[in-house]
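S.K.: the following comprises the amino acid sequence and a computationally predicted model.
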Amino acid sequence: MKRIFSGAQPTGNIHLGNYLGALRNWVALQHEYESFFCIVNLHAITARQDPKLLAEKTGELARIYIAVGIDPGISTIFVQSDVAAHAELTWVLNCIARMSELERMTQFKDKARKQSENVGVGVFDYPVLMAADILLYQTDLVPVGEDQKQHLELTRDLAIRFNRDYGDTFRVPDAYIPKVGARIMSLSDPAKKMSKSDDDLAGSVMLLDDADNIQRKFKRAVTDSGTEIRFDATRPAITNLLTIFQLLTGQAPDEIESHFAGKGYGQLKQELAEITIEFLRPLREKVESISDKELGTILDQGRQKARGIAQATLETVMARLGISGAKELLVRN
Ligand code: AQP
């Protein structure tokens, strides 16, 4: 069975963009692939986090994975920091990655622009940690939103380079980017992607937002000039709302356009808010229903399974590099 690996950061609150661009596809793909879904808390600390909140959000994100439909009976759910091999392989990959290729990463350039000379080394190295995550599990497919496409290309380049220089070691993964929903935009600014770290909270609908908040956010969503409600790349705000509508209802674009023919933006926003509230209600209930004990068992099992596979890859990597522990050296001598 082919393998998928993906993850999300337990930073802030998971939003509809994370769900529609990534998590939703994990749920669908888990039946066709051996699946690993990670809570990437080592990535999270590339930005300053409140330690107590980070621990809370790590557990909450694991609950969200389960609540959206990831089945721990068939998929492996685990916390990145539980598997030390992620950090170890990152060091190895750092030694074959080039500064110039990391400097080209648009996510780094965006964050560096905001933080100028105080940008952290972890932010720079973020894509290498991501490459380690993926390559450790000999992953075939990585379901992500479009914002991660460039990082996936780097992952492939690093795998190919290592394989070329040290012998075939890593499977070279492909990105799985959905045709619809790969980039859900902010409700306040359709030029920006919906993002957890956006200071403007009104732009993102969080999976755990309550009904009032959801209603308010859609009501205030910016729209384009004109009145027609149809999918049109030149009118990004309405197209973004319609894309969310399409993904949550499963209706075809022409069906949606005829439903809204002659109706106003207010009607679209109202219906979209109602659909989202109903869609998220059972999810919130499910998150609340998962006990600490149940979650603990799932994450323990996940850690064990992930550690076994990651460790096997890491040992091959170290052997290929001629790096082994002192004990093995003594035995050989
Ligand atoms: N707006 C989006 N539309 C579609 N997919 C998205 N993803 C993120 N934003 C959108 C996808 O969600 C997955 C998990 O993301 P992440 O937690 O690794 O962080 P990110 O990609 O950096 O997303 P955020 O929400 O913008 O987080 P912050 O603000 O903390 O950086 C990924 O597969 C991502 O592609």
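M.R.: Received the coordinates, thanks. Numbering: from 1, shown residues only.
S.K.: CA only for contacts and neighbour counts going forward, please
M.R.: OK.
S.K.: how close does W26 get to Q49?
M.R.: Plainly put, W26 is 27 Å away from Q49 if you go by CA to CA, to the nearest Å.
S.K.: out of those two, which sits in the busier spot?
M.R.: Using other CA atoms under 10 Å, the more surrounded residue of W26 and Q49 is W26, with 27 against 14.
S.K.: and the residue nearest to A44 when sequence neighbours are not counted, how many residues sit next to it?
M.R.: Distances taken as CA to CA, 6 or more residues apart in numbering put Q9 closest to A44, at 5.5 Å, once the chain neighbours are dropped. Q9 has 21 neighbours, counted by other CA under 10 Å.
S.K.: just the pLDDT at Q9, thanks.
M.R.: pLDDT, Q9: 97.
S.K.: ok, it - contacts?
M.R.: When contacts are counted by CA atoms under 8 Å, 6 or more residues apart in numbering, Q9 is found next to 39-41, 43-44.
S.K.: around the ligand, pick out the residues from the chain.
M.R.: Within the chain, the positions near the ligand by CA under 6 Å from any ligand atom are 8-9, 11, 17-18, 21-22, 144-148, 181-185, 193-197.
S.K.: pull out the buried residues from the residues you listed.
M.R.: By neighbour count, with 16 or more other CA atoms under 10 Å, those hold 8-9, 11, 17-18, 21-22, 144-146, 148, 181-185, 193-196 as buried.
S.K.: mind checking which of these are in strands?
M.R.: Judged by DSSP state E, those include A8 as members of strands.
S.K.: now, the buried ones among the residues of the chain next to the ligand that are in helices?
M.R.: Judged by DSSP state H, helices contain the following of these: 17-18.
S.K.: okay but D133 is in contact with H86, surely?
M.R.: Yes. With contacts counted by CA atoms under 8 Å, D133 reaches H86, the gap being 5.8 Å.
S.K.: any idea which residue of the stretch 201-333 of the chain lies closest to the ligand?
M.R.: Taking CA to the nearest ligand atom, the ligand has its nearest neighbour within the stretch 201-333 of the chain at S204, 8.6 Å off.
S.K.: next, the contact list for that residue, please.
M.R.: By CA under 8 Å, 6+ apart, the contact set of S204 is 15-17, 186-187, 194-196, 217.
S.K.: contacting residues for R24?
M.R.: V68.
S.K.: which helix or strand contains it?
M.R.: Assigned by DSSP states H and E, R24 belongs to helix 24-29.
S.K.: CA atoms of that helix as PDB?
M.R.: The C-alpha trace of helix 24-29 is given here as PDB (Å, rounded to 0.1, in the frame of the first residue of the first chain):
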ATOM      1  CA  ARG A  24     -10.600  17.100   4.200                       C
ATOM      2  CA  ASN A  25      -8.400  15.300   1.600                       C
ATOM      3  CA  TRP A  26      -6.600  13.400   4.400                       C
ATOM      4  CA  VAL A  27      -9.900  11.900   5.400                       C
ATOM      5  CA  ALA A  28     -10.700  10.800   1.900                       C
ATOM      6  CA  LEU A  29      -7.200   9.500   1.100                       C
END
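S.K.: if you average the pLDDT over it, what comes out?
M.R.: Confidence for helix 24-29, expressed as mean pLDDT, is 96.
S.K.: then stretch 176-193?
M.R.: 95.
S.K.: contacts for it next, please.
M.R.: Contact partners of stretch 176-193, identified using CA under 8 Å, 6+ apart, comprise 16-17, 20-22, 25, 141-147, 149, 194-195, 200, 202-204, 217-218, 220-222, 236-237, 240, 243-244, 247.
S.K.: let's see it at 7 Å
M.R.: Here stretch 176-193 makes contact (CA atoms under 7 Å, 6 or more residues apart in numbering) with 17, 20-21, 141-146, 194, 202-204, 221-222, 236-237, 240, 243.
S.K.: equivalent analysis for stretch 94-108, please.
M.R.: Stretch 94-108 has contacts (CA under 7 Å, 6+ apart) with 123-124, 128, 150, 158.
S.K.: where is the longest helix in this structure?
M.R.: The chain, longest helix under DSSP H: helix 292-321.
S.K.: secondary structure element holding F36?
M.R.: Assigned by DSSP H and E, F36 belongs to strand 34-39.
S.K.: that strand: what's the following helix or strand?
M.R.: Per DSSP H and E, the first helix or strand lying C-terminal to strand 34-39 is helix 41-44.
S.K.: and D140, how far from I4?
M.R.: D140 sits 6 Å away from I4, going by CA to CA.
S.K.: higher neighbour count, those two?
M.R.: Neighbour tally, D140 and I4, criterion other CA under 10 Å: the higher count belongs to I4, 27 against 20.
S.K.: the more buried one should be in a strand, yeah?
M.R.: Yes. With DSSP: H, G, I helix; E, B strand; the rest coil as the criterion, I4 is part of a strand.
S.K.: pretty sure it contacts L136?
M.R.: No. Applying CA atoms under 7 Å as the test, I4 and L136 come out as separate, 11.6 Å apart.
S.K.: where does pLDDT dip in this protein?
M.R.: 325-333 (pLDDT under 70).
S.K.: so where do the strands sit in the stretch 151-300 of the chain?
M.R.: For the stretch 151-300 of the chain, applying DSSP state E, counting those that start in this stretch gives strands covering 174-176.
S.K.: list the contacts of L136.
M.R.: Applying CA under 7 Å, 6+ apart to L136 gives the contacts 310, 313-314.
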